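Chemist: Provided below are the primary sequence and the corresponding predicted coordinates.
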Amino acid sequence: MQEKEEHERARERVIEAISQNMNLYGVTPSVGRLWGLLYFQNQPMTLDEMKNELGMSKTSMSTSVRHLMDLNMVDKVWKKGNRKDLYVAEEDWYQTFIDFFTIKWRNGVNINVSAIEKSLKELNKLLESPTISEELRIQITHDIEKLHKALDYYDWLNRLVDSFESEEIFNFIPKKEPDLPK
């Protein structure tokens, strides 16, 4: 019995650490606990099982699972003879990192590039105004230069994201082969 308790403590320590650091992924500690719970399961779980294990409401559990699915950290699976939805955690931490950060980076890049492009059009149009002061022309020109530098950065960031999605990044920083227990 003592070994089982020690095993549970070891799991709980990791789950707690994961839940406290899930803010990096933009999720709450309770969502992190859910992912940790699913990670250590050796079989898919239903929402009811997760709810009972974590003591969360079914609505909160459903929202948390949906959030993890949106981040590609949890998958819905099918099991013959079971009519309830079943869920498992993505166990490949490399893939979890790639999925999460590429989703977030692409979204951030798209939002910022769109804003920059719109502002560049407006600023270039302002430069065409015959009534613009020289002082404002200089400020706008500097802003345009800065925004082009920002677009260069976002181009680089998109290429970085591409290297994660294609897994080319592993040519430069290889995955470590797991040490298997002896």
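Modeler: Structure received. Numbering: from 1, shown residues only.

Chemist: residues in contact with Phe172?
Modeler: Ser163 (C-beta atoms under 8 Å, 6 or more residues apart in numbering). Yep, even glycine has a C-beta here, placed from its N, CA and C like the rest.

Chemist: show me this structure divided up by domain.
Modeler: 2-91, 94-172 (automatic domain parsing).

Chemist: export the ones you listed to JSON lines and tack on distance to Asp179 and mean pLDDT?
Modeler: Formatted as JSON lines, the domains of the chain follow (distance: least, C-beta to C-beta, whole Å; pLDDT from 0 to 100):
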{"stretch": "domain 2-91", "distance to Asp179": "16", "mean pLDDT": "90"}
{"stretch": "domain 94-172", "distance to Asp179": "16", "mean pLDDT": "95"}
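
Chemist: just name the most buried of the ones you listed.
Modeler: Scoring the domains of the chain by mean neighbour count under mean count of other C-beta atoms under 10 Å gives domain 2-91 as the most buried, with a mean of 15.

Chemist: starting at the chain centroid, how far to the one helix or strand Tyr153 maps to?
Modeler: If you go by DSSP states H and E, Tyr153 is part of helix 134-165. Computed by C-alpha atoms, centre = their mean, to the nearest Å, the separation of helix 134-165 from the middle of its chain amounts to 24 Å.

Chemist: adjust the sequence numbering to begin at 47 for everything that follows.
Modeler: Shifting the count to begin at 47 puts that one at helix 180-211.

Chemist: now for that helix, which elements pack on it?
Modeler: With contacts taken as 3 or more C-beta pairs under 8 Å, 6 or more residues apart in numbering; DSSP states H and E, helix 180-211 sits against helix 139-173.

Chemist: check the spacing between the residue most central in space within the chain and Trp139 real quick.
Modeler: Central residue of the chain (C-alpha atoms, centre = their mean): Phe146, 2.5 Å from the mean position. As judged by C-beta to C-beta, to the nearest Å, Phe146 and Trp139 stand 10 Å apart.

Chemist: Ser179 too?
Modeler: Counting by C-beta to C-beta, the separation of Ser179 from Trp139 is 56 Å.

Chemist: what of Ile64?
Modeler: Distance from Ile64 to Trp139, by C-beta to C-beta: 10 Å.

Chemist: do Pro220 as well
Modeler: Pro220 sits 15 Å away from Trp139, going by C-beta to C-beta.
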